[in-house]
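Enquirer: have a look; sequence and predicted model below, questions after that.
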Amino acid sequence: MNHPASPAAATGRPSHTILIVDDRPANLGFVVDHLESLGYQLIVALDGAEALRRVGFARPDLILLDAMMPDMDGFEVCRQLKAQGSLDDIPVIFMTALKQTDTKLSAFALGAVDYLTKPLQVDEVAARVATHLALRDTRLQLQQQTRQLQQVRRDLLEEADLRNAELKESNRRLQFELAERYAAELALQASMLGYQEIFDHVSDALYLLEGGDDGQFRYVQINPAFAALVGLPHSAVIGQPAGQLFGAAAGAQLQAACQRCLTEGAAVDQELVLEAPGGRSIVQLTMVRSCVPSRNGSHLVGIGRDVTRLHDYQAQLTFLAKRDPLTGLPNRHCFRDSLTQALAGAAADGATVAVLLLGLDHFRELNDGLGRAFGDRLLVACARLLEQAVDGQGRVARIGGDEFAILLHADGAGQAAGPLARRLLRLLAAPVDLGDYELAVGCSIGISLAPQDGADAETLLCNVDTAMCRAKAEGGHRYQHFTAEMSTTTRRRVEIGNALRHAIRQAELSLHYQPRASVQGEAVVTVGMEALLRWDGQLLGRVAPSEFIPLAEQNGLILQIGQWVLQHACQQAQAWRSQHGSALPVAVNLSARQFRDADLVRMVEVALQTSGLPPQLLELELTESMLMQDARRTRRTLAALKAIGVRLAVDDFGTGYSSLSYLKSFPLDYLKIDRSFVSGLPQDRSDAAIVRAIIAMAHTLGLKVIAEGVETLGQLDFLRAQQCDEVQGYWFSRPLAVADMERYLQRPAAPFAAASQLSGSIT
């Protein structure tokens, strides 16, 4: 099969960046691996909010967006992306398991370019990604060509404007000459030429100045438009010095402009800022030396215009380019520029720069519950509180959503960051008065310092975002300094993620098997085993399951790994059944992502068919939280699995939030008591009471009980006394590699007191 060529190989340029947004990254499995093998750079976001934040820091070339996500679904993410004008050219491909036409139409209506139906096919994904990236590149090339053509057009227009300017200048001179003629004719033969009527009805403000022996220029003629411009009657202007109408400062500027025009002989433009009881206004006066005869030959003729609205509009554009329109604070771009300048100055002085990133803890709930208008009022109120708290100590900015940034770069910025953060936490923990409501929103704060946490703006902003996210993850209403450990943790997660893909390709994963024993008899009898995943690789050595399995859940590899575990566990159990005649059931843990996958039932059927293992010898273990997420869907999935013939168990029972009304309606076979309750037996009265209650409840519901983590004879004796059906733990055996499990299966049944010694000899 021909795959799309690698972007890097095809173009020789750096590869495209693809942002993948999915709250269940396991959906992507082979897709991520395949796209990376094609040379694409991938960024993964686990929810809509993180996706919007990632887009702000690293602009992708294409977005693969899951349609159905909690909190913020893909449609809302797409809507917010398209609302940001600078991001609406990024192609968005929706990923959805929904087949309804209206879902697809909704995606296209929001600006999506395509959609992919789950389960995803890697070749189809690669082909569509390559197609839309090629279309995007072509569109960018066309835009570049268009800009070039527009530049040529601008050059031609500039040339035309230059010619037009020359013509306008000539025309203006002609107009001034005409005005001079009218003024002269007005002085000599006004009634004969009808000059006054024309002069009075011209919409522009016209005026004629005459220089006196004292060096002052006085108005000798104005039209009604000029009187309206200065807000004075005709009689109050005629004969007055030119600058006396506009105040001392503006008058001095106008007088200097008149002298310059008279000396240089060229047209002079002068803007004057006028302060009047009605408000501020800006007047532009243009004047040129006149040929109208006068006693000293110093007539000036001019035109005046009110340009206040033009200046206000230009000021508004400048404000919007650097300010957040809601709060009036500097925006993200302005803050980044200020941070870059501060870092340059600090590098020269050897000073410290501190960046605080503040995120409101409960803003989303308040915004959703009370409406966006209320949310905007809350943001404005918080902005004012932050400005008052910082009080000139630093620079406050709103960088997006409910996040505010503070820049400290004065002396002692590093020492001031912590106390300021504590003060801000106290400030926003108090109720904010919004008139209709008084609410305490709370906040979480991240802190990064330069140069120790980064020498450039981008690094500092990324690190402070990491610190703020850590503060939120630890419960919020706290501040967190960025530490090297955070980078180490992030780097470790990246290393494990990359190495895990390598481990899957190089078959570094393996299964160990922990025996399960029945204790209701005179001797230990092995009645089953649990398949446990292990990883001992070339790149990182031995990695604990608790470290790599949650990461596999997040990056989408758990489906691929889970399928491998299911197939190999079934094959190994069938191999032992064929070789030794041991019909021992094998238990396989299902991840939450696997259980929600639409192909789970088919995956189990294929594993059983290809291995030949009887369905009743396969047990699937699920956690309480997995069962309770969607009871109706859970019931359908469990019924489909039971129809195949497999057995079902609830793992780690007692640690979740099961409802007995739901539990009794699920077609389960086993409850596994979590090791946390077994560890305190028999001394801990609470653990003993809980275990007795679980065993009694399970037996009442017709379920068998398995106790995990049995490590002492005392624990075993207590469980036997309570009629626990089966046990599992180090008292009998650790998880065993295949060869060790072979020897364990061949050993004879042993009395309980000797079970641990036999187990120790195996390992």
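Expert: Great, that's in hand.
Enquirer: how about the secondary structure of residue 98?
Expert: At residue 98 the chain is in coil, as set by DSSP: H, G, I helix; E, B strand; the rest coil.
Enquirer: isn't it up against residue 68?
Expert: Yes - assessed by CB atoms under 8 Å, residue 98 is found in contact with residue 68 at 7.2 Å. Yep, even glycine has a C-beta here, placed from its N, CA and C like the rest.
Enquirer: which residues of the stretch 501-650 of the chain fall in strands?
Expert: Using DSSP state E, counting those that start in this stretch, the strands assigned to the stretch 501-650 of the chain run over residues 509-518, 525-537, 541-543, 586-589, 618-623, 647-653.
Enquirer: for residue 406, which of these is the nearest?
Expert: Among the strands of the stretch 501-650 of the chain, strand 541-543 comes nearest to residue 406, with 39.4 Å by CB to CB.
Enquirer: pLDDT wise, what is residue 443 at?
Expert: Note for residue 443: predicted pLDDT of 92.
Enquirer: ok, now residue 332?
Expert: 90.
Enquirer: ok, now the one 10 residues further on?
Expert: Looking at residue 342, its pLDDT is 90.
Enquirer: got phi/psi on it?
Expert: Backbone torsions of residue 342, given as degrees, to the nearest 10, read phi -60, psi -40.
Enquirer: my guess is it contacts residue 407. True?
Expert: Yes - using CB under 8 Å, residue 342 makes contact with residue 407 at a distance of 6.2 Å.
Enquirer: between the two, which contacts overlap?
Expert: residue 353 (CB atoms under 8 Å, 6 or more residues apart in numbering).
Enquirer: rewinding a little: what's the closest of the strands of the stretch 501-650 of the chain to residue 287?
Expert: Nearest to residue 287, of the strands of the stretch 501-650 of the chain and by CB to CB, is strand 541-543 at 82.5 Å.
Enquirer: give me the contact list for that closest one.
Expert: Against strand 541-543 from outside (CB under 8 Å, 6+ apart): 496, 499, 534-537.
Enquirer: mind listing what it pairs with, with the direction of each?
Expert: Using DSSP bridges, the strands paired with strand 541-543 in its sheet are strand 525-537 (antiparallel).
Enquirer: and the angle from the partner strand to strand 509-518?
Expert: 160 degrees (axes from the mean of the first three to the mean of the last three CA atoms, to 10 degrees).
Enquirer: tell me the buried residues in strand 525-537?
Expert: Buried residues in strand 525-537, counting neighbours by 16 or more other CB atoms under 10 Å, are found at 526, 528-533, 535, 537.
Enquirer: do the same with stretch 500-517
Expert: 500-501, 503-504, 508-509, 511-517.
Enquirer: measure it end to end?
Expert: Stretch 500-517 has an end-to-end distance of 33 Å (CA to CA, to the nearest Å).
Enquirer: and residue 283, what are its phi and psi?
Expert: phi -120, psi 130.
Enquirer: what number of residues lie near it?
Expert: Neighbours of residue 283 under the rule other CB atoms under 10 Å: 20.
Enquirer: so it touches residue 302, yeah?
Expert: No - contact criterion CB under 8 Å: residue 283 and residue 302 do not qualify, at 11.2 Å.
Enquirer: just put the strands of the stretch 501-650 of the chain in JSON lines and tack on distance to residue 203.
Expert: Output for the strands of the stretch 501-650 of the chain, formatted as JSON lines (distance: least, CB to CB, whole Å):
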{"stretch": "strand 509-518", "distance to residue 203": "84"}
{"stretch": "strand 525-537", "distance to residue 203": "83"}
{"stretch": "strand 541-543", "distance to residue 203": "82"}
{"stretch": "strand 586-589", "distance to residue 203": "85"}
{"stretch": "strand 618-623", "distance to residue 203": "81"}
{"stretch": "strand 647-653", "distance to residue 203": "85"}
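Enquirer: picking up where we left off before, any chance of the buried residues of stretch 500-517 in a markdown table, plus pLDDT and distance to residue 589?
Expert: Output for the buried residues of stretch 500-517, formatted as a markdown table (pLDDT from 0 to 100; distance: CB to CB, whole Å):
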| residue | pLDDT | distance to residue 589 |
| --- | --- | --- |
| 500 | 84 | 17 |
| 501 | 85 | 21 |
| 503 | 83 | 18 |
| 504 | 84 | 18 |
| 508 | 87 | 19 |
| 509 | 91 | 14 |
| 511 | 95 | 11 |
| 512 | 95 | 13 |
| 513 | 95 | 13 |
| 514 | 94 | 12 |
| 515 | 93 | 16 |
| 516 | 93 | 13 |
| 517 | 90 | 19 |
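Enquirer: what's the most distant pair in those residues?
Expert: For the buried residues of stretch 500-517, the farthest-apart pair by CB to CB is 501 and 517; their separation is 37.3 Å.
Enquirer: burial check on the nearest residue to residue 593 once chain neighbours are set aside, number of neighbours?
Expert: Excluding its sequence neighbours, the residue lying closest to residue 593 (CB to CB, 6 or more residues apart in numbering) is residue 26, at 3.8 Å. Residue neighbour count, defined by other CB under 10 Å, stands at 24 for residue 26.
Enquirer: and residue 26, how far from residue 92?
Expert: 21 Å (CB to CB, to the nearest Å).
Enquirer: ok, residue 636 next?
Expert: From residue 636 over to residue 92 (counting by CB to CB), the distance is 32 Å.
Enquirer: so between the two, which is more surrounded?
Expert: Neighbour tally, residue 636 and residue 92, criterion other CB under 10 Å: the higher count belongs to residue 92, 26 against 12.
Enquirer: quickly list what that one is bridged to.
Expert: Going by DSSP bridges, residue 92 forms beta bridges with residue 63.
Enquirer: residues contacting residue 645?
Expert: Applying CB under 8 Å, 6+ apart, we find residue 645 in contact with 614-616.
Enquirer: buried ones among these?
Expert: residue 615.
Enquirer: closest to residue 640 out of the contacts of residue 645?
Expert: The closest of the contacts of residue 645, once distances to residue 640 are taken by CB to CB, is residue 615, at 12.4 Å.
Enquirer: buried residues in stretch 254-264?
Expert: 254-255, 257-258, 261-262.
Enquirer: and whichever helix in the chain runs longest, what other elements does it pack with?
Expert: When the chain is parsed with DSSP state H, its longest helix is helix 122-193. In terms of contacts (3 or more CB pairs under 8 Å, 6 or more residues apart in numbering; DSSP states H and E), helix 122-193 is packed against helix 29-37, strand 62-66, strand 92-96, strand 114-117, helix 195-201, strand 205-211, strand 279-289, strand 299-306.
Enquirer: residues contacting the nearest residue in space to residue 220 that is not next to it in sequence?
Expert: With sequence-adjacent residues excluded and distances taken as CB to CB, 6+ apart, residue 220 is closest to residue 210, at 4.7 Å. Counting by CB under 8 Å, 6+ apart, residue 210 makes contact with 217-218, 220, 294, 298-300.
Enquirer: how near is residue 204 to residue 95?
Expert: Per CB to CB, residue 204 is found 63 Å from residue 95.
Enquirer: with neighbour numbers in mind, choose between the two.
Expert: With neighbours defined as other CB under 10 Å, residue 204 and residue 95 compare such that residue 95 has more, 22 against 14.
Enquirer: list the contacts of that one.
Expert: 22, 27, 64-67, 74, 115-116, 118, 120.
Enquirer: save the residues you listed as CSV, and put in neighbour count too.
Expert: CSV is the format used below for the contacts of residue 95 (neighbours: other CB atoms under 10 Å):
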residue, neighbour count
22, 24
27, 23
64, 29
65, 29
66, 25
67, 23
74, 27
115, 18
116, 19
118, 17
120, 18
